[in-house]
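Novice: the following block contains a protein sequence and its predicted model.
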Amino acid sequence: MTDTLTIRRPDDWHLHFRDGEVMRGVVPYTARQFARAIVMPNLTPPVTTAERAAAYRDRILAAVPEGVDFTPLMTCYLTDATDPDDLARGANAGVFTAAKLYPANATTNSASGVTNVETIYPVLERMEAVGIVLCIHGEVTDADIDVFDREAEFIERHLRAIVANFPKLKVVFEHITTSDAVEFVKASGPNVAATITPQHLHINRNAMLVGGIQPHNYCLPVAKRETHRLALRAAATSGSAKFFLGTDSAPHLRGDKESACGCAGIFGAPYALESYVTVFDQEGALEHFEGFASLHGPAFYGLPVNESSVTLERAEVQVPAELELAGSTIVPWHGGQTIGWRFAG
């Protein structure tokens, strides 16, 4: 039995920092474990220009603890009116690493998102030519589509067309939740990959609903049936370079999660690696963990792997039921539970 695991320092290829006091409080958790992170642009107002992205990056860097090496990788929030020239200039200047497609009203702060995917085809054409990665929140938002079917429906309505029309465009299908998404990614060419969150590897939809509403297990896309969870675990631990780590860590204060809104998002940053490695351990696939956490993402984005390393140790760790944040409290993923691995640095 492996009791310690040392891997190249990982990156988080999908997370939310928010802004202001909350951002300043959560950045250190990610910087502690990860060298880089793809930062989502769904602020208020959204990060739609290179100027806004550069200013947001500066605010994030100011929140990184002294002596810690961490690089935020910025994304452009796509809208029906996105300027392809500004996006291209931002990418050429090293501001934008990727652009994010939110279908309008699909998740938190996505009201300004794309209302018709075909409207942004000229932007996607420019991204394909320049080499900008497209990150996708893959759900339709039609009121007549069941919330548990929205990811599968997005594949059929939009994603197949995007991949067919822009075959050289690199596409990351983010936070996938279904076997449909797993099979689509596996069947697609090398320019299509996916991120998988820790929560979707651990829980199915019962975790939101059994024993009363469980708001701290609610995120978007929502967790699905057990068959889908098992498909995600098989994909993540398979060793396939098409799947890599993206926590979708999304902080909301406890009061906002437990309000009538029940805001969508799980704060996975504090114990992210411990959560992921537990799954790989349970699946007997620790030999594939470094690829998933540290190698596949940089290879897809065309970036170098990190030179430093981190170590995880087998040990019982009691996750705090809540953490102090922004003058209030927040519940971390696995809050109040015991997990079997410890981040040793």
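Specialist: Arrived safely.
Novice: against residue 103, how distant is the closest residue to residue 332 other than its chain neighbours?
Specialist: Counting by Cβ to Cβ, 6 or more residues apart in numbering, residue 270 is the residue found nearest to residue 332 once chain neighbours are left out, at 4.6 Å. All C-beta spots, glycine's among them, are computed from the backbone N, C-alpha and C. Residue 270 sits 30 Å away from residue 103, going by Cβ to Cβ, to the nearest Å.
Novice: do the same with residue 56
Specialist: Taking Cβ to Cβ as the measure, residue 56 falls 22 Å from residue 103.
Novice: got it, and residue 120?
Specialist: Residue 120 sits 11 Å away from residue 103, taking Cβ to Cβ as the criterion.
Novice: ok, now residue 142?
Specialist: Going from residue 142 to residue 103 by Cβ to Cβ gives 10 Å.
Novice: neighbour count: those two, which is higher?
Specialist: The neighbour comparison of residue 142 against residue 103 (other Cβ atoms under 10 Å) goes to residue 103, with 22 against 10.
Novice: helix/strand/coil for the closest residue to that one other than its chain neighbours?
Specialist: Of all residues not flanking residue 103 in the chain, residue 141 sits nearest, at 5.2 Å (Cβ to Cβ, 6+ apart). Three-state assignment for residue 141 (DSSP: H, G, I helix; E, B strand; the rest coil): coil.
Novice: and residue 141, how many neighbours?
Specialist: Residues within reach of residue 141, counting by other Cβ under 10 Å, total 18.
Novice: contacting residues for it?
Specialist: 103, 104, 105, 106, 150 (Cβ atoms under 8 Å, 6 or more residues apart in numbering).
Novice: residue contacts, the second one?
Specialist: Applying Cβ under 8 Å, 6+ apart, we find residue 104 in contact with 110, 111, 112, 113, 114, 115, 141.
Novice: now those residues as CSV including pLDDT and secondary structure?
Specialist: Converted to CSV, the contacts of residue 104 look like this (pLDDT from 0 to 100; DSSP: H, G, I helix; E, B strand; the rest coil):
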residue, pLDDT, secondary structure
110, 79, coil
111, 84, coil
112, 85, coil
113, 92, coil
114, 94, strand
115, 93, coil
141, 91, coil
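Novice: spatially, which two of those residues are the most separated?
Specialist: 112 and 141 (13.3 Å; Cβ to Cβ).
Novice: what's around the residue nearest to residue 40 when sequence neighbours are not counted, how many residues?
Specialist: Of all residues not flanking residue 40 in the chain, residue 16 sits nearest, at 4.7 Å (Cβ to Cβ, 6+ apart). Neighbours of residue 16 under the rule other Cβ under 10 Å: 26.
Novice: residues in contact with residue 16?
Specialist: Residues in contact with residue 16 (Cβ under 8 Å, 6+ apart) are 39, 40, 42, 108, 248, 249, 250, 251, 265.
Novice: could you find the lowest-pLDDT member of the residues you listed?
Specialist: For those, the minimum pLDDT belongs to residue 108; the value there is 79.
Novice: what kind of secondary structure is that residue in?
Specialist: When classified by three-state DSSP, residue 108 comes out as coil.
Novice: the chain should start at 12 in everything you say after this.
Specialist: Right, with 12 as the first residue, what we last looked at is residue 119.
Novice: could you pull up the residues touching it?
Specialist: Each residue near residue 119 by Cβ under 8 Å, 6+ apart is listed here: 27, 53, 231, 261, 274, 275, 276.
Novice: now for those residues: which two are most distant?
Specialist: Across these, no pair lies farther apart than 53 and 274, at 12.6 Å, counting by Cβ to Cβ.
Novice: in a strand, residue 85, correct?
Specialist: Yes. Checked against three-state DSSP, residue 85 lies within a strand.
Novice: not counting its neighbours along the chain, what's nearest residue 304?
Specialist: residue 21 (3.9 Å).
Novice: next, count neighbours for that neighbour.
Specialist: Using other Cβ under 10 Å, residue 21 has 28 neighbouring residues.
Novice: which residues are in contact with it?
Specialist: Neighbour list for residue 21: 44, 45, 46, 256, 284, 304, 305, 317, 321 [criterion: Cβ under 8 Å, 6+ apart].
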